[in-house]
Every structure is written in C-alpha cells, then in structure tokens.
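J.: My questions concern the predicted model and sequence given below.
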Amino acid sequence: MKKSKFTETQIAKAINEHEAGRKAEDICREMGITSATFYKWRQRYAGMQASEVKKMKELQEENAKLKRMFADLSLVHEALKDAVAKKL
C-alpha cells in the first residue's frame with residue numbers, strides 16, 4: 001500500500017477542522033489534495049484523535065505482519081504434511 005505523505009496528526013487535524021465548520025474545499029486546497037482523498041480520510045478517520053489514528057495504523061501494520069507469518073507457517077505445514085504422507 002502506498003504510504004501517505006501526510007502524518008496521522010495532519011489528517012486528524014484536517015478532519016477536525018472540517019467538523020468544526022471549515023469548508024472541505026478550503027482544506028483540500030491548503031493541503032494540496034483532492035476532495036476524494038479528503039472524503040476518503042473522513043470516512044476512515046472521522047471522530048478520531050491523532051493518537052487514535054496512529055494506534056490504528058500500528059495495529060494494521062501488526063495485523064499485516066501476522067498474516068504474512070501465518071501464510072509462511074501454513075506453507076511449511078503443508079510441505080511437512082506432504083513429506084509425511086509420502087513416507088507412509
């Protein structure tokens with residue numbers, strides 16, 4: 001997944017400004033992003049503070065790492081099962 005050039009703090013600040021009444025177009029122009037990007041952020045991070053967004057990103061990274069580990073272990077497990085089956 002492509003890494004955003006904006007930090008979690010910047011994203012949360014932009015969303016909080018919009019919730020406080022600032023126009024989305026003004027925020028997008030200031031940050032140099034499209035309105036689609038802004039609304040995608042809002043859908044994903046609405047109501048979160050910067051620390052919560054950071055924690056969520058860390059959990060997503062950990063989850064991806066665990067999924068890769070599981071996939072690797074599953075391959076090893078299948079290879080071992082095949083080896084045992086051939087011996088019998």
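T.: Thanks, I have the structure now. Note that this is a predicted model, so its numbers are computed, not measured. Residues are numbered from 1 along each chain as shown.
J.: what about the spatially most central residue of the chain, helix or strand, and which?
T.: What sits nearest the mean C-alpha location of the chain, by Cα atoms, centre = their mean, is Lys57, with 5.1 Å. Assigned by DSSP states H and E, Lys57 belongs to helix 50-87.
J.: again, but for Ile27
T.: helix 24-31.
J.: And that helix, what's buried?
T.: Residues of helix 24-31 classed as buried: 27-28, 31 (neighbour count, 16 or more other Cβ atoms under 10 Å). C-beta: built from backbone N, CA, C; applies to glycine.
J.: Let me see the residues that make contact with stretch 52-59.
T.: 8-9, 11-12, 45, 48 (Cβ atoms under 8 Å, 6 or more residues apart in numbering).
J.: Show the average pLDDT along that stretch.
T.: Stretch 52-59 shows a mean pLDDT of 88.
J.: which secondary structure elements does the lowest-mean-pLDDT helix or strand in the chain contact?
T.: The weakest-scoring helix or strand in the chain, judged by mean pLDDT, DSSP states H and E, is helix 8-19 (a mean of 89). Secondary-structure packing of helix 8-19 (3 or more Cβ pairs under 8 Å, 6 or more residues apart in numbering; DSSP states H and E): helix 24-31, helix 35-45, helix 50-87.
J.: quick one: pLDDT of Lys40?
T.: pLDDT, read off for Lys40, is 93.
J.: Met1 too?
T.: Met1 carries a pLDDT value of 56.
J.: With Ala79 instead?
T.: At Ala79, pLDDT is 93.
J.: burial of it, as a residue count?
T.: The local packing of Ala79 (other Cβ atoms under 10 Å) involves 10 other residues.
J.: Please apply the same query to the one 4 residues further on.
T.: The local packing of Ala83 (other Cβ under 10 Å) involves 9 other residues.
J.: again, but for Ala14
T.: Neighbours of Ala14 (other Cβ under 10 Å): 22.
J.: Okay, it and Val84: tell me how far apart.
T.: Distance, Ala14 to Val84, by Cβ to Cβ, to the nearest Å: 56 Å.
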